[in-house]
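# I need the structure of the sequence given here:
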Amino acid sequence: MKLLERRLTLYEEKYGVLSEDFYAALTSGELADYDAYDESRADFSRWKGIYETLRRRKDAYRKQLEGRDSAEVLRVQPAY
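Next comes the predicted model:
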């Protein structure tokens, strides 16, 4: 998930908006004017895909943790 977050940060820095705000604008049709530009269209497609993938992985992670004690799922490395 950290790699996906880093990739999202690149787009956020390039376009100056958070991924959540970008996704809301894209899905509501506010960014339709940018479809005419090849670079932004390609970037927006990738950005959307990365954002959706991160959301799915976070949802799956939360479902795995539901009803479980954090101590049960915590991976502890032995100290040598």
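# off-centre distance for the helix or strand hosting Lys58?
Using DSSP states H and E, Lys58 maps to helix 38-65. How far helix 38-65 lies from its chain's middle: 4 Å, per Cα atoms, centre = their mean, to the nearest Å.
# just the buried residues of it, please?
Residues of helix 38-65 classed as buried: Ser40, Asp43, Phe44, Trp47, Lys48, Ile50, Tyr51, Leu54 (neighbour count, 16 or more other Cβ atoms under 10 Å). No exception for glycine: its C-beta is placed from N, CA and C like everyone else's.
# C-terminal to that helix, what's the next element?
Next along from helix 38-65, by DSSP H and E: helix 70-73.
# pull the residues that contact that next one.
Helix 70-73 is contacted by residues Gln64, Leu65 when judged by Cβ atoms under 8 Å, 6 or more residues apart in numbering.
# could I get the average pLDDT for it?
Computed over helix 70-73, the mean pLDDT rounds to 71.
# for stretch 20-28, same thing?
Mean predicted confidence for stretch 20-28 is 95.
# can you show me the CA trace of it as CSV?
The C-alpha trace of stretch 20-28 is given here as CSV (Å, rounded to 0.1, in the frame of the first residue of the first chain):
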residue,chain,number,x,y,z
GLU,A,20,-9.7,12.1,-3.0
ASP,A,21,-10.6,15.5,-4.5
PHE,A,22,-9.4,14.4,-7.9
TYR,A,23,-11.4,11.2,-7.8
ALA,A,24,-14.6,13.0,-6.8
ALA,A,25,-14.1,15.6,-9.6
LEU,A,26,-13.4,12.9,-12.1
THR,A,27,-16.3,10.7,-11.3
SER,A,28,-18.7,13.6,-11.2
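# okay, buried residues for that stretch please.
Quick answer for stretch 20-28 (16+ other Cβ under 10 Å): Phe22, Tyr23, Leu26.
# from Gln77, how far off is the residue nearest to the spatial centre of the chain?
The residue lying closest to the centre of the chain (Cα atoms, centre = their mean) is Tyr51, at 3.0 Å. From Tyr51 across to Gln77, the span is 32 Å (Cβ to Cβ, to the nearest Å).
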